[in-house]
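S.K.: predicted structure and sequence below. I'll ask about it afterward.
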Amino acid sequence: MKRYPWRENAFLAAALCAMAIAAGLLSGCGAVRIGKDSGEKVRDLEFTVVGDQDVPQELQDLINEKKAGAFKLTYTNDQGLYIVNGYGQQQSGGYSIAVKELYLTDNSIVFDTELLGPEKGEDVGNEPSCPYIVVQTEYLEEPVIFQ
């Protein structure tokens, strides 16, 4: 019977690699938390609500393309991170949007807004509106979760 020593070495190398991978998976690395997010607030983020005149032109063009339907956008430039939430076409004017929360978790940014309807007795006109809000905050690389 002919012996093939390279087969034994290859088998040994494959077995050692498999054991190393299994040990790494079972031990769990405490320093790196890839894909795990407890969802707990790390800190609130300071933000500014940006008026139409201060929205970067490229972002304003995107908003104008999408505002007839509900949409969510993020945009970054040297001024920071812009987060946009649009509620699509409404039957009248008089709508406003409240920012309930904007905070950082372990691996994400949470942005929670609420569409507020017109006040009773408020003159809202008959023209449809497309309410949206743009906020600017510090530049962060974490993904934004819209709630």
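M.R.: Sure, I can see it.
S.K.: now do the helices in the protein.
M.R.: 5-27, 57-66 (DSSP state H).
S.K.: which of those has the lowest mean pLDDT?
M.R.: Of all those, helix 5-27 carries the lowest average pLDDT, namely a mean of 50.
S.K.: any idea where the strands of the chain begin and end?
M.R.: Assigned by DSSP state E, the chain shows strands spanning 43-44, 48-49, 70-77, 80-87, 96-104, 109-116, 132-137, 144-146.
S.K.: which neighbouring elements make contact with the fifth one?
M.R.: If I follow you right, that is strand 96-104. strand 43-44, strand 80-87, strand 109-116, strand 132-137 (3 or more C-beta pairs under 8 Å, 6 or more residues apart in numbering; DSSP states H and E). Any C-beta I mention is one placed from the backbone N, CA and C, and that applies to glycine too.
S.K.: pLDDT below threshold where in the chain?
M.R.: Applying pLDDT under 70 to the chain flags the ranges 1-37.
S.K.: give me the residue at the spatial middle of it.
M.R.: In the chain, the centroid-proximal residue (C-alpha atoms, centre = their mean) is residue 144; its distance is 1.2 Å.
S.K.: a markdown table please, covering the strands of the chain and showing distance to residue 62.
M.R.: As requested, these are arranged in a markdown table below (distance: least, C-beta to C-beta, whole Å):
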| stretch | distance to residue 62 |
| --- | --- |
| strand 43-44 | 27 |
| strand 48-49 | 18 |
| strand 70-77 | 6 |
| strand 80-87 | 8 |
| strand 96-104 | 18 |
| strand 109-116 | 17 |
| strand 132-137 | 11 |
| strand 144-146 | 15 |
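S.K.: closest to residue 61 out of these?
M.R.: strand 70-77 (10.7 Å; C-beta to C-beta).
S.K.: phi, psi of residue 107?
M.R.: Main-chain torsions, residue 107, degrees, to the nearest 10: phi -130, psi 20.
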